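Participant: Starting from these lines, generate the structure:
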Amino acid sequence: SSPKSRELLGCDAHEIIGRTPFELVPQVSALSLQRNLRDIVGARKPFSGLEMEASVEGDVVTIETSGVPIFDEKGVFHGYRGISRDVTERKKLERKYLQAQKMEAVGQLAGGIAHDFNNILTAIIGFEHLLQERLHDEKSLHFAKQVSMLAEKASHLTRDLLAFSRKQPMNPKPMDLNECIHKLGTLLKRLMGEDIELRSLLQDGRLPVLGVSGHLEQVFMNLATNARDAMPDGGLLTIKTEIASVDSEFVAMNGYGTPGRYALVSVSDTGCGMDEETRLKVFEPFFTTKEVGKGTGLGLSTAYGIIRQHGGFLSVYSEPGEGSTFRIYLPILDTEAGTEQNPAEELPPPPGTETVLLVEDEAEVREMTRSLLEKHGYKVITATDGEHALDIFAAHEEEVDLLILDVIMQRRNGKEFFDMVRRIKEDMKTIFISGYTADIVEQKGIPENCHLVSKPFSPYAFLWKVRNVLDE
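Facilitator: Below you'll find the predicted structure:
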């Protein structure tokens, strides 16, 4: 036996000499190896990529062998001559790569499911709104409002699915960080389970930052999931917000950034903590302390990337047995003038008399939207897809004041139809509607200055959008 083979198997020479490979590996690997070698002997050809697992000092190593079977002049098999290599690290990387691909596929699947689900919810919410306007007795109204409430709950689940399954492009907007964390409260409690207490210590007032709410929600969810896994027997998760000053020394230590006032979010757990070696690697892609199949090793590296993309910092303090504290620094937005608000969206908007061309391939959504617009005074012309809409627009070009276009459609999508209309009528007012995530919409090339309404939408919010676009 060679020194390398002894090192590979973690055995001394006297433990290897005179023994077959089947005696040097676990029983499960031995049975698989026997089957593969039988096939090799039967084929009488060189082989490669034969894998087996062995236990070396408590660790499982994967050994890959390539070689040729040896036969005597009578055709009797006498063994094989070959080369064996330790491919444990390569197999680990392959597993992690496949896991990352699987997560990407899950994200794409989530986008598709959400699109279909959002179309259904849009129709339910819209028809329920129209029904409420026709009902007068209290009991019937109560039941209708229950439908509305449940549909709204379902739409929140869809948003959660999209927020944590998709990587949306950066389009930061003014937002209140405290409000973002507060809204996540119910979902975080559900994620933590009964054995972990969730405590929020939010700074008084608003904490304005420039960010993408879906991305920051993903960061908080990743950190909370990490904390939960560190407390299998229960514990306390604390989320605290405050304002902190970042000086030039802090910036120099991190190698990027700008000194100034920052919103500081601390996420602390009372879990098992980390040693120094783990702490230094914790933001590396694919690094994980979880057993195989239990984690991708991408959660914290994704969080780090998102925070850095926002011009912020993410650091961790931890000691074994003492829990961990992750600190997120995001630049404070000095003016709150731009913070997003939804003012009078639950009040009915003024009616209109303009003509709208509605292009939507889902029959239920098309019927509901048409009814909603007509109920508020608009004249509505409908088309089932972009191809159909071209003929309709050609016949009614002078009448149409506004286009309402679904983004994704089978026969000529909304963006393609929009581009063709703009060549004829450059100032055509347009609202895009979509049940897909922002990254899918962006891939279709929707211009940044166009109006986009996400499904499912509140009927009044949608009508206000229509009114405001027409009044621009």
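
Participant: in the stretch 301-450 of the chain, which ranges drop under the pLDDT threshold?
Facilitator: Residues of the stretch 301-450 of the chain meeting the criterion pLDDT under 70: 335-346, 436-449.

Participant: ranges for the helices of it?
Facilitator: All helices of the stretch 301-450 of the chain, identified by DSSP state H, counting those that start in this stretch, fall at 363-375, 386-396, 414-424, 438-443.

Participant: now do the stretch 51-200 of the chain
Facilitator: Listed in chain order, the helices of the stretch 51-200 of the chain (DSSP H, counting those that start in this stretch) span 88-134, 138-165, 177-183, 185-192.

Participant: just the strands in the stretch 251-400 of the chain please.
Facilitator: With DSSP state E, counting those that start in this stretch as the criterion, the stretch 251-400 of the chain has strands at 260-269, 313-318, 324-331, 355-359, 379-383.

Participant: what does the second one contact?
Facilitator: Yep, that's strand 313-318 we're talking about. Outside strand 313-318, the residues that touch it by CB atoms under 8 Å, 6 or more residues apart in numbering are 219, 246, 250, 254, 257, 262, 273-274, 279, 282-283, 303-304, 307-308, 324-329. No exception for glycine: its C-beta is placed from N, CA and C like everyone else's.

Participant: again, only using 7 Å
Facilitator: 254, 257, 273-274, 279, 282, 303-304, 307, 324-329 (CB atoms under 7 Å, 6 or more residues apart in numbering).

Participant: Nearest to residue 52, out of the helices of the stretch 301-450 of the chain?
Facilitator: helix 438-443 (42.8 Å; CB to CB).

Participant: I'd like the next helix or strand past the closest one.
Facilitator: strand 451-454 (DSSP states H and E).

Participant: Off-centre distance for that following strand?
Facilitator: 20 Å (CA atoms, centre = their mean, to the nearest Å).

Participant: C-terminal to it, what's the next element?
Facilitator: Toward the C-terminus from strand 451-454 - assigned by DSSP H and E - lies helix 459-471.

Participant: other SSEs contacting that following helix?
Facilitator: helix 88-134, strand 402-406, strand 429-434, strand 451-454 (3 or more CB pairs under 7 Å, 6 or more residues apart in numbering; DSSP states H and E).

Participant: Quick check: buried residues in stretch 257-264?
Facilitator: 257, 262-264 (16 or more other CB atoms under 10 Å).

Participant: for the helices and strands packed on helix 459-471, which one ends up most surrounded?
Facilitator: Most buried of the helices and strands packed on helix 459-471, by mean neighbour count (mean count of other CB atoms under 10 Å): strand 402-406, with a mean of 24.

Participant: In its sheet, which strands sit next to that one, and in what direction?
Facilitator: strand 355-359 (parallel), strand 429-434 (parallel) (DSSP bridges).

Participant: quick check: angle from that strand to helix 363-375?
Facilitator: 160 degrees (axes from the mean of the first three to the mean of the last three CA atoms, to 10 degrees).

Participant: got the contact list for strand 402-406?
Facilitator: Contacts for strand 402-406 (CB under 7 Å, 6+ apart): 354, 356-361, 414, 417-418, 421, 428-434, 466, 469-470.

Participant: Which members of those residues are classed as buried?
Facilitator: Taking 16+ other CB under 10 Å as the criterion, what is buried in the contacts of strand 402-406 is 354, 356-361, 414, 417-418, 421, 428-434, 466, 469-470.
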